[in-house]
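>>> What follows is a predicted structure for the sequence shown.
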Amino acid sequence: MEKPQKFVQTSEQLGAIYKEPSREARDKVLDHLDVHCQKMISLSPFVCLATTSPDGSIDISPRGDPPGSVQVLNSTQLLIPDRFGNNRIDTLSNLMQNRAIGLFFLVPGMIESLRVSGNARVITDGALLESMAIQGKVPSTGILVDVKRAFLQCGKAIKRSGLWEGTYQIERSEMPSFGEILLDQTDSDMSAAELDCSIDDAYKNKLY
């Protein structure tokens with residue numbers, strides 16, 4: 001495959017390629033969560049969190065929970081529970097250095113999505129976190145987001161991807177198992193079968 005030779009380097013060059021956005025696309029950006037944004041968040045079981053690493057690189061972390069787990073505290077604040085994971089704590093560590101955060105909410109069956117950005121802090125408030133317990137497990141921390149921008153994204157990307165229709169869903173056998181991939185990518189002392197067994201156990205018994 002040939003390497004690209006032509007690069008867009010200025011805003012003027014971009015402007016020559018793309019049309020001006022419609023008034024609706026330009027004006028839909030809010031500085032708060034209105035009733036529609038709040039409803040979408042309450043229905044969403046999946047959100048991606050984007051934060052900035054100390055070296056300036058961008059990190060994106062997926063979070064999944066039953067709908068309603070992300071709590072809207074008011075029109076400019078929401079709270080995301082931080083569940084047990086792999087203990088890399090990339091997102092939380094990044095927020096210690098740079099509070100900027102971007103959120104991308106998906107609702108199964110709805111082709112539109114929700115984009116939210118603002119600043120975030122890591123909290124340990126007992127009462128707030130206790131209200132977010134699942135299976136008796138209280139999250140150790142939560143991510144409190146002060147909302148600066150929020151807007152709905154049109155459904156073209158989800159529609160093109162056939163995400164909810166399963167148009168491009170693969171047979172799992174098309175890719176190696178997670179254990180086999182980890183064995184290739186790390187110096188694990190475990191075999192691929194042992195890694196897969198450990199992963200399956202975590203999926204079944206250690207989600208919360």
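Yep, that arrived. This one's a predicted model, so the numbers in the text were calculated from it and none came from an experiment.

>>> how deep is the nearest residue to Asp82 once chain neighbours are set aside tucked in, by neighbour count?
Excluding the flanking residues, the one nearest Asp82 by CB to CB, 6 or more residues apart in numbering is Thr141, at 4.7 Å. The way it works is simple: take the backbone N, C-alpha and C, and place the C-beta from them, glycine included. The local packing of Thr141 (other CB atoms under 10 Å) involves 16 other residues.

>>> and Thr141, what are its phi and psi?
phi -140, psi 170 (degrees, to the nearest 10).

>>> try Ser191
phi -80, psi 170.

>>> Over to the nearest residue to it once chain neighbours are set aside: give its phi and psi.
With sequence-adjacent residues excluded and distances taken as CB to CB, 6+ apart, Ser191 is closest to Leu183, at 7.2 Å. Backbone torsions of Leu183, given as degrees, to the nearest 10, read phi -60, psi -40.

>>> Leu183 and Asp196 touch, don't they?
No. Between Leu183 and Asp196 there is no contact under CB atoms under 8 Å: 9.5 Å.

>>> Distance check, Leu14 against Ile89.
36 Å (CB to CB, to the nearest Å).

>>> Double-check Thr76 against Ala150; I have them as touching.
No. Assessed by CB under 8 Å, Thr76 is found out of contact with Ala150, at 9.4 Å.
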